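K.L.:
Need coordinates for the following:
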Amino acid sequence: MNDNTWLLKERQKLPLDIKISITLKTIQEYYNHFKGKVYVSVSGKDSTALLHLVRSIYPEVEAVFVDTGLEYPEIKQHIKTIENVIWLRPKMRFDEVIKKYGYPVVSKEQAKYIREVQGGTTIYTENKRRGKVVGRNGRPVGAVSKKWQYLMDQRDILVSEKCCDVLKKRPLHKYQKQTGKMPIVGTMVVNSRLRLQSWMRYGCNAFDNKFPQSRPLSFWTDSDVWEYIRRHNIPYSKIYDMGEKNTGCMFCMFGVHLEKGENRFQRMKRTHPKQWDYCINKLGCGKVLDLIGVDYTDAAPLFSGTE
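P.N.:
Okay, here's the model as predicted:
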């Protein structure tokens, strides 16, 4: 176990009061480094808690929300209740993105590998993505998982990780270039392997990254966030009271194959039937979910048989 792994595990075990103190210090270091030219990227519960933390010491800091067209209606309703929020919109719509680049499916890393092969690449890279290139340990390097390698041979359904770059990152980068302000985001390492890898490399304040970023909640957990929200009676989006735990883009298919019980699309059919119909039938996400073996119709009842 390297020092960063040990540090992360130790921080994750700390009581919330100490986590709050470390987080506030992290925010202060980032704020001072950029002489106050910072903003908070807001969307769901994590960034809502983060904004409260930031404004507890720097009340003038503005929030920024990217309206990609893929947010739950309840998220937008919540954002409208927050003061001093800048709304950004991307140049492309989601339907244009999937037509040009492909659908977000499996994971960002795997989707990137699949896109490279579907779009045509060097023989070496294709062999690498198909698991024919091995490292010193004899294991494939940078390969698409065997479970998903059949997706590389699809020609009528393209797969890509580009939607996040086009719909979220580009508007934010443009905003940062225009204002000179650097982001503070509410991401946590428990939610993503890529976020964990980034934290292991840069820590909470990524000053030396190509795009500097502060992730002061990195070592928090969902339960920490909810405890903080309850303590301070912070308003949050009612989407969480409707069964949603993670509120990224509504039509994103990353990780849906890992969900147990009622998955996000089955839940969407129940809670947001109009959006479900548009997603499944108009955008064609139904055929993609069929391809990867994910059910998007009504979830199975909790109990079967007669009482």
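K.L.:
SS state for Asn127?
P.N.:
Classification of Asn127 using DSSP: H, G, I helix; E, B strand; the rest coil returns helix.
K.L.:
separation between the closest residue to it other than its chain neighbours and Tyr124?
P.N.:
Setting aside the residues directly before and after it, Asn127 is nearest to Val133 in space (Cβ to Cβ, 6 or more residues apart in numbering), at 5.5 Å. C-beta: built from backbone N, CA, C; applies to glycine. Separation of Val133 from Tyr124 (Cβ to Cβ, to the nearest Å) stands at 7 Å.
K.L.:
swap in Asp46?
P.N.:
Note on Asp46: its distance to Tyr124, by Cβ to Cβ, is 40 Å.
K.L.:
So between those two, which is more surrounded?
P.N.:
Between Asp46 and Tyr124, counting by other Cβ atoms under 10 Å, Asp46 is the more crowded of the two (23 against 10).
K.L.:
Do you know the pLDDT at the more buried one?
P.N.:
Per-residue confidence at Asp46 stands at 95 (pLDDT).
K.L.:
if we look at the host helix or strand of it, which residues are touching it?
P.N.:
Assigned by DSSP states H and E, Asp46 belongs to helix 45-57. Helix 45-57 is contacted by residues 20, 23-24, 27-28, 40-42, 61, 63, 78, 82, 184-188, 216-217, 220, 225-226, 228-229, 232, 234-237, 240, 247 when judged by Cβ atoms under 8 Å, 6 or more residues apart in numbering.
K.L.:
What are the buried residues along that helix?
P.N.:
45-51, 53-55 (16 or more other Cβ atoms under 10 Å).
K.L.:
now do stretch 248-256
P.N.:
Neighbour counts over stretch 248-256 (16+ other Cβ under 10 Å) mark 248-256 as buried.
K.L.:
How about stretch 16-27?
P.N.:
The neighbour-count check on stretch 16-27 (16+ other Cβ under 10 Å) flags 16, 19-20, 23, 26-27 as buried.
K.L.:
I'd like to know which of those are part of helices.
P.N.:
Mapping the buried residues of stretch 16-27 onto helices (DSSP state H) picks out 16, 19-20, 23, 26-27.
K.L.:
Pick the one among these closest to Arg270.
P.N.:
Among those, Leu16 lies closest to Arg270 (Cβ to Cβ), at 33.3 Å.
K.L.:
Contact partners for that closest one?
P.N.:
Taking Cβ under 8 Å, 6+ apart as the test, what Leu16 contacts is 224, 227-228.
K.L.:
can you do 10 Å?
P.N.:
The contact partners of Leu16, by Cβ atoms under 10 Å, 6 or more residues apart in numbering, come to 23, 220-221, 223-225, 227-228, 231.
K.L.:
can you check Tyr72 too?
P.N.:
43-44, 78, 237-240, 242, 244, 247-250, 268, 271-272, 275.
K.L.:
now it: how far from Ile239?
P.N.:
5 Å.
K.L.:
what's the overlap in contacts for these two?
P.N.:
Among the neighbours of Tyr72, those also in contact with Ile239 (Cβ under 10 Å, 6+ apart) are 44, 78, 247, 250, 271-272.
K.L.:
Filter these down to the buried ones, PyMOL style.
P.N.:
A single PyMOL command is used to select the members of the shared contacts of Tyr72 and Ile239 judged buried by 16+ other Cβ under 10 Å:
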select buried, resi 44+78+247+250+272
